[in-house]
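> Build me a model:
(one chain, ligands or ions: 1)
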Amino acid sequence: MKIDVLTLFPEMFVGPLDVSMVARARKAGLLDLRVRNLRDWTHDRHKTVDDRPFGGGPGMVLKPEPIFEAVEALVSAKTRVLMMAPAGRPFTQSIARELAEQEHLLFLCGSYEGFDERIRTLAQDELSIGDYVLTNGGLPTMVVIDAVTRLIPGVLGDDESAHDESFSHGELEYPHYTRPAEFRGMKVPEVLMSGNHAEIEKWRREQARLRTTERRPDLLK
Ligand code: 4GS
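Next up is the predicted model:
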């Protein structure tokens, strides 16, 4: 998969996408990620990307010209253009699965200022990672890239993908334990050490359901 990111802060993307599974996917050639500076598509001496809002009011607005030029330079017929904003569709695991099947994603990151409304016409989809206000769209973009990358075929090992199922089954994960069997007085549930796989499976299903009922009843609807 190819992913382009258009941002005013490319340096934000150094670090999170250079470790762990995303780094591995990039090195293996499964993810071709390019982070681009929106200012590269300006033409004036000050590399202006924003302007004052018509109608007045505080803050600045990202002007359409650089973003339109950049998108036109970066898209092909197979590109899905995504905008990150609190007004977007809530991002979920099922959207991550859908995006993992695309050939090319292009993310438009806003900054503290808003987008000129006409920029919205460039995006096929607008996504939100939650009901809170961030300083810019960099972190939401990285969240989506992270969730999508682990679903690209070949990125997860077989061990890992079998275990992918927290939200895939629409429930939270069951509790996990490893050695020691007793730690500071806290014991591992007997059933997990019984060797009875049917019983273990049953216990895990019950625990997942219990935990989901208690913590996230909204997921069971
Ligand atoms: C989100 C969010 C966000 C909104 C960007 C204010 C700067 C900021 N983007 N999910 N302007 N939550 N964006 O807070 O996607």
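> where does this structure have its least confident helix or strand?
helix 158-162 (a mean of 70; mean pLDDT, DSSP states H and E).
> That one packs against which elements?
Helix 158-162 sits against no helix or strand, with contacts defined as 3 or more CB pairs under 8 Å, 6 or more residues apart in numbering; DSSP states H and E. C-beta coordinates here come from the backbone N, C-alpha and C atoms, glycine included.
> Which helix in this protein has the most residues?
When the chain is scanned for its longest helix (criterion: DSSP state H), the result is helix 197-215.
> Quick check: buried residues in it?
Buried residues in helix 197-215, counted by 16 or more other CB atoms under 10 Å: 200, 203, 204, 207, 208, 212.
> next one: stretch 56-72 to chain centre, how far?
Relative to the centre of its chain, stretch 56-72 is centred 23 Å away, using CA atoms, centre = their mean, to the nearest Å.
> And stretch 5-18, by the same measure?
On CA atoms, centre = their mean, the centre of stretch 5-18 falls 14 Å from the chain's centre.
> Nearest to the spatial middle of the chain, which residue is it?
residue 144 (1.2 Å; CA atoms, centre = their mean).
> can you pull the contacts of that residue?
The contact partners of residue 144, by CB atoms under 8 Å, 6 or more residues apart in numbering, come to 82, 84, 91, 96, 99, 107, 127, 129.
> State the distance from the second one to residue 149.
According to CB to CB, to the nearest Å, residue 84 stands 16 Å off from residue 149.
> Is there proximity between the lengthiest strand in the chain and the ligand?
Longest strand of the chain, by residue count under DSSP state E: strand 79-90. Yes - judged by CB under 6 Å from any ligand atom, strand 79-90 and the ligand are in contact via 84, 85, 86.
> Stretch 19-39 now?
No - figure legend: stretch 19-39 not in contact with the ligand (CB under 6 Å from any ligand atom); closest approach 13.7 Å.
> Report the distance from that stretch to the chain centre.
Offset of stretch 19-39 from its chain centre (CA atoms, centre = their mean): 14 Å.
> Need the distance between the two termini of stretch 122-132.
This stretch, stretch 122-132, spans 24 Å end to end (CA to CA, to the nearest Å).
> still on that earlier bit, write the PyMOL selection for whichever of the residues of strand 79-90 next to the ligand are buried.
Buried members of the residues of strand 79-90 next to the ligand, defined by 16+ other CB under 10 Å, are picked up in PyMOL with:
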select buried, resi 84+85
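> where along this protein do the helices fall?
20-27, 64-74, 93-99, 138-149, 158-162, 197-215.
> Which of the ones you listed comes out lowest on mean pLDDT?
Mean pLDDT values for the helices of the chain show the minimum at helix 158-162, a mean of 70.
> Render the CA-only coordinates of it in PDB, please.
The C-alpha trace of helix 158-162 is given here as PDB (Å, rounded to 0.1, in the frame of the first residue of the first chain):
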ATOM      1  CA  ASP A 158       0.400 -15.600  11.800                       C
ATOM      2  CA  ASP A 159       0.600 -15.700  15.600                       C
ATOM      3  CA  GLU A 160      -0.300 -12.000  15.800                       C
ATOM      4  CA  SER A 161      -3.200 -12.000  13.300                       C
ATOM      5  CA  ALA A 162      -5.000 -14.900  14.900                       C
END
